[in-house]
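Novice: Just a sequence and a predicted model for now, questions to come.
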Amino acid sequence: MLHWTLLQQNKELNRGMEFIAIDMSNFKNVEESDKEKILSYLKEKYKVDVMDATFEQLEEKGLYNADTMSLDGVLLTIDKVDFKFKNDTVFEVSKYHSNLGAVGFECRVHYKDNEWKAKEVKMTWIS
């Protein structure tokens, strides 16, 4: 699964992680039940709170520390989706922990045997 692959990248950003937030605001045409499956999977795998939230919503909830400019967790955001072929898609994704702890990836995934699998993940930027 794509979100699991991203959490395995730059694991140092996961250290002390109290929550995982996924900004699903760009998930057009994705069923609520599928979003819930993603959140449940991550909660079970990482044993932390998992939520659908934007950066602004995390700020409103008091989960962003303005003094340290960091979250007590990580925020995954899918910035762009490009369908290359019928079963091949490229995502531009970011993983944010703080202003000095964030990374962007380009992920190529392939749909086979009823499952999306990461074929290639390459870092495109880091802060």
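Specialist: Good, I have the coordinates. Owing to the predicted nature of the structure, the values given are computational and were not obtained by experimental measurement.
Novice: Stretch 33-42 - what's its average pLDDT?
Specialist: For stretch 33-42, mean pLDDT is 85.
Novice: Now do the buried residues in that stretch.
Specialist: I38, L39, L42 (16 or more other CB atoms under 10 Å). C-beta coordinates here come from the backbone N, C-alpha and C atoms, glycine included.
Novice: could you redo those residues as JSON lines and give each row secondary structure and distance to K95?
Specialist: JSON lines is the format used below for the buried residues of stretch 33-42 (DSSP: H, G, I helix; E, B strand; the rest coil; distance: CB to CB, whole Å):
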{"residue": "I38", "secondary structure": "helix", "distance to K95": "15"}
{"residue": "L39", "secondary structure": "helix", "distance to K95": "17"}
{"residue": "L42", "secondary structure": "helix", "distance to K95": "13"}
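Novice: Dump these to a markdown table, plus distance to Y111.
Specialist: Putting those into a markdown table (distance: CB to CB, whole Å) gives the following:
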| residue | distance to Y111 |
| --- | --- |
| I38 | 16 |
| L39 | 21 |
| L42 | 20 |
